[in-house]
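Below: sequence and its predicted model.
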Amino acid sequence: MDKRIHKRIDRNDDEITLEDIQKMINDLQEEYPDREVFFDGDEFAICSRKKDR
């Protein structure tokens with residue numbers, strides 16, 4: 001798998017909201033239209049992988 005970690009999220013940061021995470025995902029989707037951007041709960045990070053075509 002070609003998974004790339006773009007941004008790790010600090011589990012202890014009470015300031016970050018789900019809305020903040022969704023905005024980061026949306027921004028990365030615009031920046032990398034050829035990649036599937038997602039939140040990885042195991043890594044607690046925003047990641048992406050190449051889209052299957």
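Yep, it's here. Numbering: from 1, shown residues only.

Give me the contact list for whichever strand or helix holds residue 22.
If you go by DSSP states H and E, residue 22 is part of helix 18-31. Helix 18-31 is contacted from outside by 6, 7, 9, 35, 37, 38, 39, 46, 48, using C-beta atoms under 8 Å, 6 or more residues apart in numbering. Placement of C-beta: from N, CA and C, glycine included.

repeat that with 6 Å
The contact list for helix 18-31 (C-beta atoms under 6 Å, 6 or more residues apart in numbering) reads 6, 7, 37, 46.

What of stretch 3-14?
24, 28, 44, 45, 46, 47, 48, 49.

Pull out the buried members of those residues.
24, 28, 45, 46, 47, 48 (16 or more other C-beta atoms under 10 Å).

Check which residues of stretch 32-45 are buried.
Across stretch 32-45, burial judged by 16+ other C-beta under 10 Å covers 35, 37, 39, 45.

what about that stretch, how long is it end to end?
16 Å (C-alpha to C-alpha, to the nearest Å).

Run the chain-centre distance for it.
4 Å (C-alpha atoms, centre = their mean, to the nearest Å).

if we can go back for a sec, same list (the buried residues of stretch 32-45) but as JSON lines, adding pLDDT and secondary structure.
Below are the buried residues of stretch 32-45 laid out as JSON lines (pLDDT from 0 to 100; DSSP: H, G, I helix; E, B strand; the rest coil):
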{"residue": "35", "pLDDT": "96", "secondary structure": "strand"}
{"residue": "37", "pLDDT": "97", "secondary structure": "strand"}
{"residue": "39", "pLDDT": "97", "secondary structure": "strand"}
{"residue": "45", "pLDDT": "97", "secondary structure": "strand"}
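
So which residue is dead centre in this protein?
residue 46 (2.1 Å; C-alpha atoms, centre = their mean).

That one: what's its closest spatial neighbour, skipping adjacent residues?
Leaving aside its sequence neighbours, residue 46 sits nearest to residue 7 (C-beta to C-beta, 6 or more residues apart in numbering; 4.5 Å).

pLDDT below threshold where in the protein?
1, 53 (pLDDT under 70).

Repeat the analysis, applying 90 as the threshold.
The chain contains residues with pLDDT under 90 at 1-2, 52-53.
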